[in-house]
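*Asks:* Need the 3D shape of this:
(one chain, ligands or ions: 1)
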Amino acid sequence: MLRRRLQRIERQSASRHRSRWTKAADWSLLLSMPIALLLSLFLDANISRTSSENLADLRLGRNDRGTPLKATILRKDPNRTPWTFGSPLATVQLRQRTIEHGWPFSSWNTLPPLQLITVPLVDPSVTIDLTQPSAGARLATLRSETGVDLTNALDVLLLTLEADRQQAWVENLTRQETRTSRAWSATLATAVATWFLLFLISVLLIRTSQALHFLAAGWRRQRVIGKLKAGRCPFCNYDLSGVRYPKKCSECGRKIWG
Ligand SMILES: [Zn+2]
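*Replies:* Next comes the predicted model:
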């Protein structure tokens, strides 16, 4: 019984008529693969989004006017923690930015060096990233405009982090290294998703044009029948009403019946 069944399947598949539309769908499946791969590489290179994570909150201040600058690391919610300095000066956020490349899956990540975003209490609209080369000049401006001196804030913060045994952060801040990680599986996933999408779109287009083609053929057929009924050549419109079943058109010579 199984053999008979297999034979029948074989016979059916051999005799199955494969139209050019089905062939076009097969080709689109094949051709959309390299296009999808190129597209996913293009998305990798051109689409990115940045997110930022706050790793720690710190504060800068002095015990008294004229005493050295000091920093503390906050353990709890900064809004609920009272200031321990007699002279509070600035809040600092230790931030890690992450740049994800690729779409919809991120296939490689870039981790730029950590940031120390400093906001002086005297003017909360000012933000200075202490790790930037321009920080020195900006601190000098702050000092001349407001009298707040945060000149060696970076060193004080690094020492505070070191005292807290945050070696990884200190090393990252001093070396200013950018780390990247590559995930080829995400590129592959993007390529497969794009492949599927491209194939779906092309099959839709193929089926739509097939339907239009079918409609147009039907319309042409109707027109030919109409002309023949009216006793005219369907090609050149020559009047053939004198002959009952003309084999050829006597004007253009094209075959009509038989
Ligand atoms: Zn004719």
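
*Asks:* From here on, just use CA atoms for contacts and neighbour counts.
*Replies:* Noted.

*Asks:* Please, which helix or strand holds Arg143?
*Replies:* With the criterion set as DSSP states H and E, the secondary-structure element containing Arg143 is helix 135-146.

*Asks:* Enumerate the residues of the stretch 101-250 of the chain near the ion.
*Replies:* The stretch 101-250 of the chain comes close to the ion at residues Cys233, Cys236, Cys249, as judged by CA under 5 Å from the ion.

*Asks:* so which of the residues you listed comes closest to Ser202?
*Replies:* Cys236 (37.8 Å; CA to CA).

*Asks:* Find the nearest non-adjacent residue to the residue of the stretch 101-250 of the chain found nearest the ion, please.
*Replies:* Ranked by CA to the ion, the top residue of the stretch 101-250 of the chain for proximity to the ion is Cys236, at 4.1 Å. Counting by CA to CA, 6 or more residues apart in numbering, Cys252 is the residue found nearest to Cys236 once chain neighbours are left out, at 6.7 Å.

*Asks:* Now for that neighbour, how many residues are close by?
*Replies:* Residues within reach of Cys252, counting by other CA atoms under 10 Å, total 12.

*Asks:* in the helix holding Arg143, what counts as buried?
*Replies:* By neighbour count, and taking 16 or more other CA atoms under 10 Å as the criterion, the buried residues in helix 135-146 are Ala135, Gly136, Arg138, Leu139, Leu142.

*Asks:* Please report how far the residue of the stretch 101-250 of the chain closest to the ion lies from Ala191.
*Replies:* Distance of Cys236 to Ala191, computed by CA to CA, to the nearest Å: 53 Å.

*Asks:* before we move on, what about Gly242?
*Replies:* Here Gly242 is placed at a distance of 66 Å from Ala191 (CA to CA).

*Asks:* More neighbours: which of those two?
*Replies:* Taking neighbours as other CA under 10 Å, Gly242 and Ala191 compare with Ala191 leading, 22 against 9.

*Asks:* Let me see the mean pLDDT of stretch 71-82.
*Replies:* Mean pLDDT, taken over the full extent of stretch 71-82, equals 89.

*Asks:* for this structure, longest helix please?
*Replies:* When the chain is parsed with DSSP state H, its longest helix is helix 184-229.

*Asks:* Against which helices or strands is that one packed?
*Replies:* The contact analysis (3 or more CA pairs under 8 Å, 6 or more residues apart in numbering; DSSP states H and E) places helix 184-229 against helix 20-46.

*Asks:* shaky segments in the stretch 1-150 of the chain?
*Replies:* 11-17 (pLDDT under 70).

*Asks:* Go again with 90.
*Replies:* Within the stretch 1-150 of the chain, the stretches with pLDDT under 90 are 1-23, 25-26, 41, 44-45, 65-66, 75-81, 84, 102-107.

*Asks:* ok, which stretches of it are strands?
*Replies:* Under the criterion DSSP state E, counting those that start in this stretch, the stretch 1-150 of the chain carries strands at the ranges 48-62, 70-73, 87-101, 108-111, 115-120, 128-129.

*Asks:* Now distance to Trp219 too, for these, in JSON lines please.
*Replies:* JSON lines is the format used below for these (distance: least, CA to CA, whole Å):
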{"stretch": "strand 48-62", "distance to Trp219": "51"}
{"stretch": "strand 70-73", "distance to Trp219": "81"}
{"stretch": "strand 87-101", "distance to Trp219": "52"}
{"stretch": "strand 108-111", "distance to Trp219": "55"}
{"stretch": "strand 115-120", "distance to Trp219": "70"}
{"stretch": "strand 128-129", "distance to Trp219": "72"}
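
*Asks:* Please convert these to a markdown table, extending it with mean neighbour count.
*Replies:* As requested, the strands of the stretch 1-150 of the chain are exported to a markdown table (neighbours: other CA atoms under 10 Å):
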| stretch | mean neighbour count |
| --- | --- |
| strand 48-62 | 16 |
| strand 70-73 | 20 |
| strand 87-101 | 19 |
| strand 108-111 | 18 |
| strand 115-120 | 22 |
| strand 128-129 | 20 |
